[in-house]
Structures are given as C-alpha cells and as structure tokens.
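>>> Structure, please.
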Amino acid sequence: MHTSLITNNHDVTKYSMLLLRFILLCVVALVSFIFPSPMSLAKMPNTVRIATFNVSMEALNYSENPHNVSGNELTTALQSQHPQIKNIAQIIQRVNPDIILLNEFDFVNDSNIKLFLNDYLLKSQQGQSPVSFPYIYQGPVNTGVTVNDDLHHDEKIKQQPADTHGFGYFEGHFGMVLLSKFPIDAENIRTFQHFKWRDMPGALKPITPTTTIPWYSEKTWNSLRLSSKSHWDLPVNINGNIIHVLASHPTPPVFDGPENRNGNRNHDEIRFWLDYITPQDSAYIYDDKGNHGGLAPQQAFVIVGDLNASTVDGDAITDNTGIAGLLTSAKVQDAKPMSHGAKLHSAENKHAKHHTAHWRMRADYVLPSAYGFKVINSGVFWPAENDSTYSLINTRASSSDHRLVWVDVELTKIHTQQKTQ
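Here you go, the predicted model:
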C-alpha cells in the first residue's frame, strides 16, 4: 500500500510536470505569436510583407558639425562600410520584406541608394541572407527647397533649413525611397510634392493666438506646399494585382510655438491620405501632372511611413480628420504591430507594446486597406535586452531611433487596372 501510494504520487508528479511543460510551451507559443521573435520572421506562404523604416540615413547623423552639412555625408558613410548602415542592412535582411519604404534617406542623386543596395543589402550581414530589391522609386522632396520669405520669423529670408517648404539643410535632405521585389508601375505613379497647403478645404492655417494674425504672410501662404517631404502614390504590380503604396513622412508636430504651425501641418499631411482614399472628399486633390482626384472605390492600398503622430502619446492633433480619423476609417485595417522589446522599454506606459520609436511613441505605420487584403501577421523589430540582436537597436548610433515595422498580408480581391476618381 505504501509502495503503491509512492508510485501513484510519482505518477502524479510525472504527469504534473508534463502538464506544466505543456502549459509553458503553450505560453511560449502564444508569446511568440503575439511578439514575433527577431530571429524567426519567416513569412507565411502566399503572403506579402510590407514594411516601413525610418533609417536615420541623413547628413546630420554623419556630420561632426550639424550646422555645416553639404549633402555628401551619406555618400561618404556608405563608401566606408559604416557600422550603423551595416546594422540597418542586417535588420532589413532579418525581416526580409517584399516592399519597404525608407524614411530619412538623403536624396541628392541615385548613387546613394545604389551603394546601399549593392554594398550592403546584397552582401550578407553577420550571416544573414542577402536581399535583392530590383525595383526602386526615389523622387524629389520639399526639404531644403527655399521659400522667398521669412518663415521662421528670425528676420532672415531664404535661409536653410528654416525658410524652406520642408525642414532641411539641402534639397533632398531627409528624403524617401521605396524598395520593392515586385514591379513598380512607373507610368501611373502620382506625386503630390507641389500641392499647395492653401488648396486643402478647411486647411489648418497657423494663427498666432495672442495677436490672431496668421503666422505666414499672405504671399507665403499662397505658395507654401503641404508636404514637408512629398506624398507618393506608387502602384506596385504583385503577380498581376495592383496595390497602391501611399508613402509620406509628415513633419513632427513639435519644434514650433503657440501658433502650432508644425502640429497643424502634421495633421493636414495625414488628413491628405484620409481624403485621398475617400472618393467624396478627394475632388480637390491634384497631382504634380495636374490630374485631379484620389483613389476610386475598390482599389487596394497600403499607407506607409513615419507619420510622426499617435492618438495616445505625443503632441499630434487627434480629431477625427487627422491620425485618429485615419486609424478608425472603415477603409483601413490597423494590425496594431507590437513588440516585447518596446513593452519592456516603457513598462510604465500601457501603450508601450505598440511603440515604434525609441522616444516612446507609435510613429511609424503600415496600414493596409480593408479592401483587397487579409492581415496575417505583423510586428515591430524591437528585440528585448536579453536578445542576441539587441545590439542592433540599443542606441540611435546602432541603427536608428525608429524601429522597422512590418505587416504580412494575403491578397484577396484586387483589380488589375489603375483607377483614380
């Protein structure tokens, strides 16, 4: 009896241990699903991975004198096998997106992106498989393009970076580039670099509250462009299916004064996309070729970029026509990508798991349309401190103060023809 009791206790212990192991495996599997490991980002079959990454590959990041940059700084860094750029390439190789927008990639000419593709992405970084993007788009942006007025109210005219359509020390500073494994339909690209802010109905014109006088002179307001960089509609052909990659990088809603000129502009740069995907609201929009309107109904799109806005953190205007309106639009799917590393980085913030920037905010977005896509998975490349890849992101100098954000989608019903309203 005693022996039998011991045997039964042993069996109970054995099965308890097996049950505990099973529970632990389930927990690990659940955590791995919710917070995909940077070491295991394999895509599911028949899915497309779309990503955005503010890579901080801009002149100020490579200059010892931030007030004296020429535009050649990124080229010099690329030619020197720069460790920060190698880490950025390794992150991209690990995630292996099919389409990725890079923000803050200086555009002086096309030599920089060719160097990055050939000398970094096409070469293994720390044992990772090289990644090829045969199709690229990199166009002009408004940063550094001077305006003939004193925008900054410092009694100086046409000064870079202050008196420009977009903050920049030279034309092309903080530029953008799209990399794709699928063909980009060049003939049907639409850009909105020159769209004027004043031409948006109900534009949030900055006013100095103490004087009720507009911040910008009438001459400037009549010429100032909406996009601080640009807005792009880039049609990508995925095995005969057309998706519209809507790319931008609105100005941060800070670094201004009580007139909130940057906050207003950030709001309206985001509102532009909300109007563009809403046929009844897009008639006023015109592109750089003079064509009017936005997307027609039943066109698949994905909004990507560093939007510099959040509904719960930061200083963005969160009414229903800005970032809040975009995220809650019935036309958009928000997968709400997350990471365990971000959650640990700001444990006191209940929204931390969705953060995409080191400075504790969700700023970067991949937002597929409700039409045409089924969201399969998503994530933010933000390893925890005990992860072997943490060194890739532990400081801004390691790679960037932003994290790569990705969403896996399965294509469903998609038209093959280009359509605008």
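>>> which residues does the residue nearest to residue 237 when sequence neighbours are not counted contact?
Of all residues not flanking residue 237 in the chain, residue 183 sits nearest, at 4.7 Å (Cβ to Cβ, 6 or more residues apart in numbering). No exception for glycine: its C-beta is placed from N, CA and C like everyone else's. Contacts were defined as Cβ atoms under 8 Å, 6 or more residues apart in numbering; by that measure residue 183 touches 135, 236, 237.
>>> just residue 390 next, same as before
Taking Cβ under 8 Å, 6+ apart as the contact definition, residue 390 lies against 341, 383, 384.
>>> tally of neighbours for the second one?
Number of residues near residue 383 (other Cβ atoms under 10 Å) recorded here: 23.
>>> isn't it right next to residue 341, touching?
Yes: the criterion here is Cβ atoms under 8 Å, and residue 383 meets it with residue 341 at 5.1 Å.
>>> Compute the first-to-last residue distance for stretch 274-290.
Distance across stretch 274-290, first residue to last, is 20 Å (Cα to Cα, to the nearest Å).
>>> which of the residues in that stretch are buried?
Within stretch 274-290, the residues that qualify as buried by neighbour count (16 or more other Cβ atoms under 10 Å) are 274, 275, 276, 277, 278, 279, 281, 282, 285, 286, 287, 288.
>>> Need the overlap of contacts for residue 383 and residue 341.
390, 393.
>>> Tell me which other helices or strands the lengthiest strand in the chain touches.
With DSSP state E setting the assignment, residue counts place strand 48-57 as the longest strand in the chain. For strand 48-57, the helices and strands in contact under the criterion 3 or more Cβ pairs under 8 Å, 6 or more residues apart in numbering; DSSP states H and E are helix 83-95, strand 99-105, strand 301-306, strand 364-368, strand 405-411.
>>> With distance to residue 63, mean neighbour count and mean pLDDT as extra columns, can I get the ones you listed in a markdown table?
Formatted as a markdown table, these follow (distance: least, Cβ to Cβ, whole Å; neighbours: other Cβ atoms under 10 Å; pLDDT from 0 to 100):
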| stretch | distance to residue 63 | mean neighbour count | mean pLDDT |
| --- | --- | --- | --- |
| helix 83-95 | 13 | 21 | 98 |
| strand 99-105 | 14 | 27 | 98 |
| strand 301-306 | 21 | 27 | 98 |
| strand 364-368 | 24 | 26 | 99 |
| strand 405-411 | 27 | 24 | 97 |
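>>> Of all the ones you listed, which one comes closest to residue 394?
Evaluated with Cβ to Cβ, the helices and strands packed on strand 48-57 place helix 83-95 nearest to residue 394, the distance being 10.1 Å.
>>> can you give me how far the closest one is from the chain middle?
Here helix 83-95 shows a centroid-to-chain-centroid distance of 16 Å under the convention Cα atoms, centre = their mean, to the nearest Å.
>>> quick one, it and strand 99-105 angle?
Between the axes of helix 83-95 and strand 99-105, defined by axes from the mean of the first three to the mean of the last three Cα atoms, to 10 degrees, the angle is 160 degrees.
>>> quick one: contacts for the residue nearest the centre of the chain?
For the chain, the residue nearest the mean C-alpha position is residue 305 (2.6 Å; Cα atoms, centre = their mean). With contact taken as Cβ under 8 Å, 6+ apart, residue 305 is in contact with 52, 101, 103, 176, 247, 248, 249, 250, 364, 365.
>>> so the fourth one bridges to which residues?
Under DSSP bridges, the beta-bridge partners of residue 176 are residue 103.
>>> what's the spacing between it and residue 391?
The span separating residue 176 from residue 391 equals 27 Å under the rule Cβ to Cβ, to the nearest Å.
>>> out of the two, which sits in the busier spot?
More neighbours sit around residue 176 than around the other of residue 176 and residue 391, counting by other Cβ under 10 Å; the figures are 27 against 13.
>>> ok so, going back, go ahead and build a ChimeraX selection from the buried members of the contacts of residue 183.
In ChimeraX, this line selects whichever of the contacts of residue 183 come out buried by 16+ other Cβ under 10 Å:
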select :135,236,237
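>>> Which of the contacts of residue 183 fall in strands?
Within those, membership in strands is found for 135, 236, 237, as judged by DSSP E.
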